[in-house]
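# kindly return the folded structure for what I paste below:
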Amino acid sequence: METSFQSTIAPSINLSTQTVFVGKFIPNDDGFNEQKSSNQERGSTYVRWGKSGCSGTDTKLVYSGYSSGQKYYNGDDYYRGGPSNMLCLPDHPELSNTTAGGNTFIYGSEYDDSQFGSGAQNQDVPCALCLSNASATVMIPGRKSCFSGWRIEYYGVLASGAYHHAASSYICIDIQPEFIPGGRSDNNDNTLFTTGYKCGSLPCPPYTDDLQVYCVVCSK
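Coordinates of the predicted model:
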C-alpha cells in the first residue's frame, strides 16, 4: 500500500506540532487531499528538541537530526533580520547540486549557557521528529505536567535566542538533553539560552521574576 503524509494544523496548536493522517490520499474537487482508506491511522507529529529519539507512549521515531536556525552574529555585528523559526534537519539529507544565492543560510544550534545541564554549554543540539498515535499534540510553556485528559510526551525547559540577538522561536529542550558527538567547538552560530519570567505586564504571582521556565509536550 502506498503511504504518504498529509498535515493539518489546528489554529490553537503550536506550529512545532501537527496532525497527520497516514494512508492513501486522493485529490478531491476542491484541490485538497481526502482520506479514502478504510484502514486509517490517525496521529500527530512533534519535534523533541535536545534528544535523538522518542520515548512517548505509542510514539515512533520518524527521523533524528540536528537542531538548526539563523546565525546570530557575523563577527562584527549582530544579525537583526532573517528567519526566526527553528528547524530539525534530518541526519540523512538529500542534497541538491545547485549553489545557494548566499543571502540566507541554516546553521547548527548549540546550548549557550550552563543551565541546560552539566557539560551542556557550547555543545551542539540534536532533535527528533516523533509520530504519536494521538490526534493532537501541543507544547505548553510554564508547566512540566499536562492538564487533565492529556498525556505527557516529554518535558523540559523553554529555550530561545538572547533578547539582543536576531529574533528566534521558543522551543522546549528536553530536561535531560543529549549532545551531538564532537560538537563542542563554540561556533556561536544558532545559540540557545534558557528562558526566564519577567514580572510587569506578566502578573506575579502566579509567576515569579527570573525563574527558569518549564515546558511540556502533551498529546491527546
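# now the residue positioned nearest the centre of the chain, what's its secondary structure?
Geometric centre of the chain, nearest residue: residue 47, 4.4 Å, by C-alpha atoms, centre = their mean. Following DSSP: H, G, I helix; E, B strand; the rest coil, residue 47 is assigned to strand.
# same check on residue 145?
Under three-state DSSP, residue 145 falls in the coil class.
# in terms of contact, does it touch residue 154 like I think?
No - counting by C-beta atoms under 8 Å, residue 145 stays clear of residue 154, with 11.6 Å between them. For the C-beta atoms, the positions are set from N, CA and C on the backbone; glycine is no exception.
# more crowded one of those two?
More neighbours surround residue 154 than the other of residue 145 and residue 154, with 26 against 11 (other C-beta atoms under 10 Å).
# please, which helix or strand holds the more buried one?
Using DSSP states H and E, the element containing residue 154 is strand 151-160.
# list the helices and strands that strand packs on?
Secondary-structure packing of strand 151-160 (3 or more C-beta pairs under 8 Å, 6 or more residues apart in numbering; DSSP states H and E): strand 41-49, strand 171-174, strand 190-194, strand 214-219.
# so what strands line up beside that strand?
Strand 151-160 has the following strand partners under DSSP bridges: strand 171-174 (antiparallel), strand 190-194 (antiparallel), strand 214-219 (antiparallel).
# sorry, back to before: which residues are common contacts for residue 145 and residue 154?
Jointly contacting residue 145 and residue 154 under the rule C-beta atoms under 8 Å, 6 or more residues apart in numbering are residue 216.
# follow-up on the earlier one: out of the helices and strands packed on strand 151-160, nearest to residue 85?
strand 171-174 (9.5 Å; C-beta to C-beta).
# what comes up buried for that closest one?
Neighbour-count burial for strand 171-174 flags 171-174 (criterion: 16 or more other C-beta atoms under 10 Å).
# same question, stretch 119-139
Buried residues in stretch 119-139 (16+ other C-beta under 10 Å): 120, 122-132, 134, 136-139.
# fine by me, thanks again.
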